[in-house]
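*Asks:* 3D model of this:
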Amino acid sequence: MKKIFPLLILMFFCQTSIFSQTDETYEKLSTFVDVMEIINTNYVSETKPKNLVINAIKGMAGTLDPFSQYMEEKAYKEVQTEADGSYGGVGLRIMTKNSNLIVVSPLPGTPAYKAGILPEDRIIKINDKSSVGMSTDRAVSIMRGKVGKKVKLTICRGKDAKEVEFTLVREKIKIETVKSTIFDKNIAYIRLTEFNSQSAADIRNELLNYKSQNIKALILDLRNNPGGLLESALEIVSMFVSERRLVLTTKGKIEETKTEYFTNGGGLFFDLPVVILINRGSASASEIVSGVMQDFKRALIVGSNTFGKGSMQTIFPLSDGTALRLTTAKYYLPSGRPIERSNEKTAKNGITPDIDVNVTREEEIKLYAHGDMLFEKDKELKNEVEDKALNKALEIIKTNKIMEEIETSKVSSGLKKRR
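*Replies:* Down below sits the predicted model:
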């Protein structure tokens, strides 16, 4: 019986066309079967061939990039639950890199956000157990659970690899994507925390509500926004562009992934000056919006370099209730530049702001802790911590220098030359 199971695996693989391309593939499949046979026969503890195969599939997907993964049935259901927009947890978006769990961003207003967990923090322990080598779906399943129960995270932060412990209490995470306020009676400020099916409509409604106040400019805050629906990003860009223009190109291995996306034309707010705030926690759809608006010279980009996730993942449901999330294409902006991070040391590509605003880790923590004060009536955030990027945006708007800053920006000038 021990020999039959590996043989069946080999027969299954051999029936698939992709595995019949080279003799080398057959040779490695034979090695795989040999290894399984040796483990089943000689390993000191009892093994389950099914688990060995599952782990082999996870390992295969995990070597591709940080965003591709094999999801077992429970993890796949978690993804579907999250799509409903409400769950019990701590509010973290995470990914894996070099066998480590990395924070992409915390969701504003959640336990992780309030505690001061930051983008690019490395989670080394969950409930005092090492998370090295742990999959994102396993980590998410541990962090989610009954509301009111505690989750302990050990974070490794900064160049000195300082360890910081956080004890978080799970809350019902209801994703509220849009919040807004007015500065100086005529500057609209909208913070978008995630791109979902309602995001574009919510932003449109907020701006229409402010129209009676004769707003002179918009500050769109995409800091720590990990992304979401591509369609939502395209709808938002279309609101600020008058003509039909190429927004984005996706390119992958198969023909179906090669797609061009265009604005709708006739944008409702095509003449409204816009400043977009970004930082290292801005990823995916946030990078599309800020990058496209930068290419079009339609917005001034202020803050720090973004995360650099310029790829599209497709979920392939499998017959046994599991699924494969696979990177199938990369995004390219109108200028032809990619978004995908190409150098881990320099964090390039991503989106480089027109005006770089340096914010220390300590300042970021304080901004996180007091972020929602912006939406309170007194707005006394300055008494707690200075929001340098927001203040810079307000300064530029008040002096009517948005277009001047765009034209003199080295980033925007470079884009113009490339086109």
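*Asks:* which residues of the stretch 151-300 of the chain score low on pLDDT?
*Replies:* 159-160, 175 (pLDDT under 70).
*Asks:* Glu24: neighbouring residues, count only.
*Replies:* Other residues near Glu24 number 8, with proximity taken as other Cβ atoms under 10 Å. For every residue, glycine as well, the C-beta is placed using N, CA and C.
*Asks:* C-terminal to the strand or helix carrying Lys392, what's the next element?
*Replies:* Using DSSP states H and E, the element containing Lys392 is helix 388-398. As assigned by DSSP H and E, the chain's next helix or strand after helix 388-398 is helix 402-408.
*Asks:* what segments of the stretch 201-350 of the chain are strands?
*Replies:* Taking DSSP state E, counting those that start in this stretch as the criterion, the stretch 201-350 of the chain carries its strands at 217-221, 246-252, 259-262, 274-278, 300-303, 311-317, 323-332.
*Asks:* quick check: angle from the longest one to strand 246-252?
*Replies:* Note on geometry: by axes from the mean of the first three to the mean of the last three Cα atoms, to 10 degrees, strand 323-332 and strand 246-252 are set 130 degrees apart in direction.
*Asks:* other SSEs contacting strand 323-332?
*Replies:* Strand 323-332 sits against helix 49-62, strand 69-71, helix 73-83, strand 246-252, strand 311-317, with contacts defined as 3 or more Cβ pairs under 8 Å, 6 or more residues apart in numbering; DSSP states H and E.
*Asks:* quickly find the element holding Glu364.
*Replies:* Using DSSP H and E, Glu364 sits within helix 361-369.
*Asks:* quick one: buried residues of that helix?
*Replies:* By neighbour count on 16 or more other Cβ atoms under 10 Å, the buried set for helix 361-369 is Glu364, Ile365, Lys366, Leu367, Tyr368.
*Asks:* quick check, nearest of those to Pro106?
*Replies:* Of all the buried residues of helix 361-369, Tyr368 has the smallest distance to Pro106: 7.3 Å, by Cβ to Cβ.
*Asks:* got the contact list for that closest one?
*Replies:* Counting by Cβ atoms under 8 Å, 6 or more residues apart in numbering, Tyr368 touches Pro106, Tyr113, Lys114, Gly116, Ile117, Leu118.
*Asks:* same question, Ala233
*Replies:* Shown in contact with Ala233 (Cβ under 8 Å, 6+ apart): Phe195, Gly227, Ala285, Ser286, Ile288, Val289.
*Asks:* how about JSON lines for the buried residues of helix 361-369, with distance to Thr328 and pLDDT added?
*Replies:* Output for the buried residues of helix 361-369, formatted as JSON lines (distance: Cβ to Cβ, whole Å; pLDDT from 0 to 100):
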{"residue": "Glu364", "distance to Thr328": "33", "pLDDT": "79"}
{"residue": "Ile365", "distance to Thr328": "37", "pLDDT": "73"}
{"residue": "Lys366", "distance to Thr328": "40", "pLDDT": "75"}
{"residue": "Leu367", "distance to Thr328": "35", "pLDDT": "79"}
{"residue": "Tyr368", "distance to Thr328": "34", "pLDDT": "70"}
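*Asks:* what would those look like in TSV with distance to Ile173?
*Replies:* Converted to TSV, the buried residues of helix 361-369 look like this (distance: Cβ to Cβ, whole Å):
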residue	distance to Ile173
Glu364	21
Ile365	21
Lys366	23
Leu367	21
Tyr368	16
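*Asks:* care to break the protein down by domain?
*Replies:* 72-173, 176-418 (automatic domain parsing).
*Asks:* quick one: which of those domains is nearest Glu37?
*Replies:* domain 176-418 (23.5 Å).
*Asks:* list the buried ones in the helix holding Lys392?
*Replies:* Lys388, Ala389, Leu390, Lys392, Ala393, Leu394, Ile396, Ile397.
*Asks:* try stretch 241-256
*Replies:* Residues of stretch 241-256 classed as buried by neighbour count (16+ other Cβ under 10 Å): Val241, Arg245, Val247, Leu248, Thr249, Thr250, Gly252.
*Asks:* between those residues, which is nearest Gly91?
*Replies:* Among the buried residues of stretch 241-256, and counting by Cβ to Cβ, the member closest to Gly91 is Leu248, at 28.5 Å.
*Asks:* which ones are touching the closest one?
*Replies:* Leu248 makes contact with Leu230, Leu234, Glu260, Tyr261, Ile288, Val292, Tyr331, Tyr332, Leu333, Pro334, according to Cβ under 8 Å, 6+ apart.
*Asks:* mind running it again at 7 Å?
*Replies:* Tyr261, Ile288, Val292, Tyr331, Leu333 (Cβ atoms under 7 Å, 6 or more residues apart in numbering).
*Asks:* name the member of these with the most neighbours.
*Replies:* Val292 (28 neighbours).
*Asks:* any idea how far Val147 is from that one?
*Replies:* Distance, Val292 to Val147, using Cβ to Cβ, to the nearest Å: 38 Å.
*Asks:* same question for Ile278.
*Replies:* Noted for Ile278: a distance of 32 Å to Val147, by Cβ to Cβ.
*Asks:* comparing those two, which residue is more hemmed in?
*Replies:* Counted by other Cβ under 10 Å, Ile278 and Val147 do not tie: Ile278 has more neighbours, with 32 against 13.
*Asks:* who are the neighbours in contact with the nearest residue to that one once chain neighbours are set aside?
*Replies:* Spatial nearest neighbour of Ile278, chain neighbours left out: Gly303 (4.3 Å); criterion: Cβ to Cβ, 6 or more residues apart in numbering. The contact partners of Gly303, taken as Cβ under 7 Å, 6+ apart, are Arg223, Leu277, Ile278, Asn279, Pro353, Val357, Ala389.
*Asks:* which helix or strand contains Glu176?
*Replies:* Judged by DSSP H and E, Glu176 forms part of no helix or strand.
*Asks:* in this protein, which residue is most central in space?
*Replies:* Of all residues in the chain, the one closest to the mean position by Cα atoms, centre = their mean is Pro226, 3.1 Å from it.
*Asks:* what's the burial count for the residue nearest to it when sequence neighbours are not counted?
*Replies:* Spatial nearest neighbour of Pro226, chain neighbours left out: Arg93 (4.2 Å); criterion: Cβ to Cβ, 6+ apart. Residues near Arg93, counting by other Cβ under 10 Å, number 22.
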